[in-house]
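A.B. asks: compute the structure for the input listed below.
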Amino acid sequence: MKIKTFLTCLIVLTVTGNTCFAQETSVGKNEIRLGYGALTGPEMANSLLSLWPAIGISIFKDTIKDYQCSFYGAANLEYNRFLKKWVSIGVSLSLNPISTQMTTKSGINLTWNYYLVNVMPKVTFYYVNKGILSLYSGVEIGAAMILWKDRQGSQTLYDNGFSAAFHVNAFGMRIGKQIGAYMEWGYGFRGVVNVGVSGKF
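C.D. replies: Numbers count the residues shown, from 1 in each chain. This next block holds a predicted model:
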């Protein structure tokens with residue numbers, strides 16, 4: 001409920017402020033965005049794939065007492081450059097922490113944690129880009145650096161690796177002129193729902 005109230009107030013302030021100053025300022029071709037994405041693809045994959053070791057432990061070794069997978073979401077930073085009014089190119093940087101913890105009835109704790117640092121070039125196409133309203137879709141393809149941090153007994157093990165990363169923005173909307181708020185729906189490494197603020201210069 002608090003998030004809905006905050007987003008409503010943010011959109012109202014953005015619309016009011018931009019309506020007042022829309023004729024006094026011109027919008028630049030560069031845009032910086034700061035946002036948050038909920039329910040990323042890697043988080044969903046982790047929760048599904050973690051079921052198999054849980055089932056295996058329950059059958060062959062012990063009974064699972066507790067089983068938890070994280071859904072922290074991803075923090076996102078983006079840069080966009082408008083080539084035309086209907087298309088922009090850019091890059092996104094996001095951080096997504098993921099963890100899984102299992103506890104057996106005999107007291108064994110099994111945990112694995114990793115961080116995904118995603119860098120993805122992007123292209124965005126705009127259906128509507130007029131006044132304070134923008135409606136758009138886009139696609140991002142890049143790479144993810146994986147930083148592992150696993151605990152085995154009293155030892156903590158570290159490792160790293162790389163994988164492909166992607167995100168498909170099915171539908172997005174931005175409200176505001178120079179300063180705005182946005183919300184997006186899609187699937188991939190930045191979350192099913194993305195919200196945040198943006199500034200054009």
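A.B. asks: let me see the contact set for residue 32.
C.D. replies: Contacts for residue 32 (CB atoms under 8 Å, 6 or more residues apart in numbering) come out as 77-79, 198-199, 201. Quick note: C-beta positions are derived from backbone N, CA and C, even for glycine.
A.B. asks: try 7 Å
C.D. replies: Neighbour list for residue 32: 79, 198-199 [criterion: CB atoms under 7 Å, 6 or more residues apart in numbering].
A.B. asks: looking at those residues, state which has the most neighbours.
C.D. replies: Tallying neighbours with other CB atoms under 10 Å puts residue 198 at the head of those, with 20 neighbours.
A.B. asks: where along the chain do the strands fall?
C.D. replies: 30-38, 64-69, 74-84, 87-104, 109-130, 133-152, 155-176, 179-188, 193-200 (DSSP state E).
A.B. asks: other SSEs contacting the last one?
C.D. replies: Meaning strand 193-200. Counting contacts by 3 or more CB pairs under 7 Å, 6 or more residues apart in numbering; DSSP states H and E, strand 193-200 is packed against strand 30-38, strand 179-188.
A.B. asks: export that strand to CSV, keeping only CA atoms.
C.D. replies: Extracted C-alpha coordinates of strand 193-200, given in CSV (Å, rounded to 0.1, in the frame of the first residue of the first chain):
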residue,chain,number,x,y,z
VAL,A,193,7.7,-4.9,-13.4
ASN,A,194,10.1,-1.9,-13.5
VAL,A,195,9.4,1.4,-11.8
GLY,A,196,11.6,4.5,-11.4
VAL,A,197,12.5,8.1,-12.2
SER,A,198,14.2,9.6,-15.2
GLY,A,199,15.7,12.9,-16.3
LYS,A,200,16.3,14.2,-19.8
